[in-house]
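Sharing a model prediction with you, sequence too.
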Amino acid sequence: MGKYSYTPKGVCSRQFNFEIENGIIQNFEAVGGCNGNLKGIGCLLKGRSVDEVIDALTGVTCGNKPTSCPDQIACALKAYRG
């Protein structure tokens with residue numbers, strides 16, 4: 001199982017940690033940010049493909065920010081995918 005970490009930009013979270021196996025997210029953890037919401041997002045990510053999550057979360061905004069933690073998760077997975 002591959003471990004992958006990403007530093008998000010423009011959001012409250014400081015780091016995202018993923019465990020990904022064969023293109024499927026096995027685990028997600030956020031450091032910082034809205035604890036309960038990000039734990040919930042982590043539960044929803046488990047068992048989903050990287051591509052499915054990118055498609056679902058790209059472009060989500062937070063308030064008047066041009067990005068959000070979900071959008072940054074998509075950015076992290078795009079970087080992972082290469």
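Everything's here; your move.

CA only for contacts and neighbour counts going forward, please
Noted.

Report the buried residues of stretch 7-26.
Within stretch 7-26, the residues scored as buried using 16 or more other CA atoms under 10 Å are Pro8, Val11, Ser13, Phe16, Asn17, Phe18, Glu19, Ile20, Gly23, Ile24, Ile25, Gln26.

Contacts only, for the last one.
With contact set as CA atoms under 8 Å, 6 or more residues apart in numbering, Gln26 has these partners: Phe18, Glu19, Ile20, Leu45, Lys46, Gly47.

what's the helix or strand encompassing the first one in contact with?
Element membership for Phe18 (DSSP states H and E) is strand 15-21. Residues outside strand 15-21 that contact it (CA under 8 Å, 6+ apart): 1-8, 25-32, 73, 76.

ok, then the element right after that strand?
Sequence-wise, the next helix or strand downstream of strand 15-21 (DSSP H and E) is strand 24-31.

ok, and the residue nearest in space to the middle of the chain, which helix or strand is that part of?
Central residue of the chain (CA atoms, centre = their mean): Ile73, 2.5 Å from the mean position. Per DSSP H and E: Ile73 is located in helix 69-81.

pLDDT (mean, whole number) over that helix?
In this model, helix 69-81 carries a mean pLDDT of 98.

Restrict it to CA atoms and write it as CSV.
Output of helix 69-81 as CSV, limited to C-alpha atoms (Å, rounded to 0.1, in the frame of the first residue of the first chain):
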residue,chain,number,x,y,z
CYS,A,69,-10.3,21.3,1.5
PRO,A,70,-12.3,19.1,-0.9
ASP,A,71,-10.8,20.9,-3.9
GLN,A,72,-7.3,20.6,-2.4
ILE,A,73,-7.9,16.9,-1.9
ALA,A,74,-8.6,16.7,-5.6
CYS,A,75,-5.4,18.7,-6.3
ALA,A,76,-3.5,16.3,-4.1
LEU,A,77,-4.8,13.3,-6.0
LYS,A,78,-4.1,15.0,-9.4
ALA,A,79,-0.5,15.5,-8.2
TYR,A,80,-0.4,11.8,-7.0
ARG,A,81,-1.7,10.6,-10.4
